[in-house]
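*Asks:* sequence-free structure coming up:
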């Protein structure tokens, strides 16, 4: 008979379960949203039905333009593989950030991060049009690492920063401070506020006594004026929704950012970059669409994820709720997965989801091993 565990051993095991849950939960949300990424919620409702778990990358779920893309749809930056559980760039790039954190315990600086990414990250196939030019300007001495993001194209990559929430488990303020400081290599003030809010939410969720309300509040605490307004609007909408599709309709009527903004170039359609800018004007949604209908800006992505998390009261069901909202739902799904995985632990995630995601992507990432190493990094 095994001796009973001490309180310290029980707490350590629970903390590890929550850290692993956050890292794997994020991958689950990414993989669940990948097949229907860039879809209008009405296309999902009409052609796919309500998604309640992992689905394959096939003609039932994917946009036709994705299926007909030259070379096929399965390439880094969209999906690594075709089978159910395959992750996209949101998780693939996060492994680089996780490795940076693991290899650099203690003080980390924007310069250290920029140099490490240039030397080690697989950015040539993952958002190179945005990230590489910024890093190269830093390397060439054209901009300071601590302010490079102020003139960079915004949008994309919220999932890359999650490891900073895990290594600051239980300390949302420290997580937010470091992520806000390091994300300045790429992000302007508004998006730095969102990065800080997200990692603060993960760090709060990793507390043993965390609740979905405390996670929500930790995120709001780290927001500047505009980010807070955007999230509070999403929370209000979530509180009024009666079901997933009603939630989607309400969100589309109030929170969408223009999908016409170019993904790589700064345009007048981009959201503001200042942390205290006025609320962007409401962007009228299309009634329906059978083609790509999405945007890549945090000003839309983080509110959509927050709404799904609050609507489902932080339960695991928040992941498929978020995916059914469409738009950039692998990104929003990965955020919700990180929050609910941290809040409830791997033990609360459906075993079939965990096994599928760990197995489908094992050639590129050992998710469990990386999560265990993150849990002990600092």
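*Replies:* On my side now, so go ahead. Not measured: the values here are computed from a predicted model.
*Asks:* For residue 31, grab the count of nearby residues.
*Replies:* 33 (other CB atoms under 10 Å). (C-beta placed from N, C-alpha, C; glycine too.)
*Asks:* helix, strand or coil for it?
*Replies:* Three-state assignment for residue 31 (DSSP: H, G, I helix; E, B strand; the rest coil): helix.
*Asks:* you'd agree it is up against residue 89?
*Replies:* No - assessed by CB atoms under 8 Å, residue 31 is found out of contact with residue 89, at 12.0 Å.
*Asks:* Return the residues in contact with the residue lying closest to residue 354 once chain neighbours are set aside.
*Replies:* Of all residues not flanking residue 354 in the chain, residue 24 sits nearest, at 5.8 Å (CB to CB, 6 or more residues apart in numbering). Contact partners of residue 24, counting by CB atoms under 8 Å, 6 or more residues apart in numbering, are 341, 346, 349, 354, 357, 358, 367, 368, 371.
*Asks:* hmm, which of those residues are the buried ones?
*Replies:* Buried members of the contacts of residue 24, counted by 16 or more other CB atoms under 10 Å: 341, 346, 349, 354, 357, 358, 367, 371.
*Asks:* Other residues contacting stretch 223-231?
*Replies:* Stretch 223-231 has contacts (CB under 8 Å, 6+ apart) with 189-190, 193-194, 196-197, 219-220, 255, 272, 274-279, 299, 302-303, 306.
*Asks:* how far out from the middle of the chain is it?
*Replies:* Offset of stretch 223-231 from its chain centre (CA atoms, centre = their mean, to the nearest Å): 18 Å.
*Asks:* same check, this time on stretch 96-111
*Replies:* With CA atoms, centre = their mean, you get 19 Å for stretch 96-111.
*Asks:* Now do the end-to-end distance for that stretch.
*Replies:* 16 Å (CA to CA, to the nearest Å).
*Asks:* what comes into contact with it?
*Replies:* 23, 112-113, 116-117, 120-123, 138, 145-146, 148, 160-164, 167, 178, 181-182, 184-185, 370, 373-374, 377-378.
*Asks:* Check which residues of that stretch are buried.
*Replies:* Applying 16+ other CB under 10 Å to stretch 96-111 flags 96, 97, 98, 99, 100, 101, 102, 108, 110 as buried.
*Asks:* where does the first one land in three-state SS?
*Replies:* So the one you mean is residue 96. Counting by three-state DSSP, the backbone at residue 96 sits in helix.
*Asks:* do you know how far it is from residue 113?
*Replies:* The gap separating residue 96 from residue 113 is 10 Å, by CB to CB, to the nearest Å.
*Asks:* One more: the fifth one?
*Replies:* The spacing between residue 100 and residue 113, counted by CB to CB, is 6 Å.
*Asks:* now swap in the second one and tell me
*Replies:* Per CB to CB, residue 97 is found 8 Å from residue 113.
*Asks:* Can you read off the pLDDT for residue 265?
*Replies:* With respect to pLDDT, residue 265 scores 85.
*Asks:* For it, give me its contacts.
*Replies:* Here residue 265 is in contact with residue 153 (criterion: CB under 8 Å, 6+ apart).
*Asks:* residues in contact with stretch 161-175?
*Replies:* For stretch 161-175, using CB under 8 Å, 6+ apart, the contacting residues are 15, 18-19, 22-23, 26, 94, 97-98, 101, 178-179, 182-183, 195-196, 198-204, 206-207, 218, 221-222, 334, 338, 342, 371, 374-375, 377-378.
*Asks:* what number of residues lie near residue 196?
*Replies:* Counted with other CB under 10 Å, residue 196 comes out at 29.
*Asks:* and it, that one's in a helix?
*Replies:* Yes - assessed by three-state DSSP, residue 196 belongs to a helix.
*Asks:* So it versus residue 175, what's the distance?
*Replies:* Counting by CB to CB, the gap from residue 196 to residue 175 is 8 Å.
*Asks:* again, but for residue 365
*Replies:* 22 Å.
*Asks:* These two - which one has more neighbours?
*Replies:* Counted by other CB under 10 Å, residue 365 and residue 175 do not tie: residue 175 has more neighbours, with 31 against 20.
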